[in-house]
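Enquirer: With the input below, show me the fold.
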Amino acid sequence: MKGKTLDILLIDDNKDITTMLSKYLTLKGHDCTVSNDGRNGLTLIEQQKFDVVLLDLAMPEFTGVDIVNSLYNSGKIKNHKIILFTASSVKEDEIQDLLKKGIHSCLKKPVKLDTLIKSIGG
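Expert: Purely as a prediction, here's the structure:
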């Protein structure tokens, strides 16, 4: 059974990761928008409605945590399904704090692609 097409936003400063993931998700029938910059990613979230946002935490200058805090402080985080997607050694209490603020879940890189698909609902 094929799931519905999802509009997915990938925010990660690693272009290799966003290129590979956007190709994979597109092959799975989803629409992907990519941002390799945290500030740009936040702007996209605020201007468009995405079904899922895959968000890297460790980015230079404007991090995934900055994006979550900005959405939380503006009261808009509940409008988005944000899945953290990070290789950074984030402490469990930091993840719990972000979950309390309204992120959907957290996946650790490297993630199995079938686990990713299940988590986004595709």
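Enquirer: quick one: the strands in the chain?
Expert: Counting by DSSP state E, the chain has strands at residues 7-11, 31-35, 52-55, 82-86, 105-108.
Enquirer: ranking those strands by burial, who's on top?
Expert: Among the strands of the chain, strand 52-55 has the highest mean neighbour count (mean count of other C-beta atoms under 10 Å), at a mean of 27. Every C-beta, even on glycine, is put in place using the N, C-alpha and C of the backbone.
Enquirer: Can you tell me what sits against that strand?
Expert: By C-beta atoms under 8 Å, 6 or more residues apart in numbering, the surrounding residues in contact with strand 52-55 are 6-12, 21, 41, 45, 64, 67-68, 80-85, 103, 116, 120-121.
Enquirer: Tell me which of the strands of the chain lies nearest to residue 93.
Expert: Residue 93 sits nearest to strand 105-108 of all the strands of the chain, at 12.4 Å, using C-beta to C-beta.
Enquirer: Return the list of helices and strands in contact with that closest one.
Expert: strand 82-86, helix 92-101, helix 113-120 (3 or more C-beta pairs under 8 Å, 6 or more residues apart in numbering; DSSP states H and E).
Enquirer: That strand pairs with which strands, and in what direction?
Expert: In the sheet, strand 105-108 lines up against strand 82-86 (parallel) (DSSP bridges).
Enquirer: Report the buried residues of stretch 84-100.
Expert: By 16 or more other C-beta atoms under 10 Å, the buried positions in stretch 84-100 come out as 84-86, 88, 90, 95, 98.
Enquirer: Make JSON lines out of those residues and add pLDDT.
Expert: Converted to JSON lines, the buried residues of stretch 84-100 look like this (pLDDT from 0 to 100):
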{"residue": "84", "pLDDT": "92"}
{"residue": "85", "pLDDT": "86"}
{"residue": "86", "pLDDT": "81"}
{"residue": "88", "pLDDT": "67"}
{"residue": "90", "pLDDT": "77"}
{"residue": "95", "pLDDT": "89"}
{"residue": "98", "pLDDT": "93"}
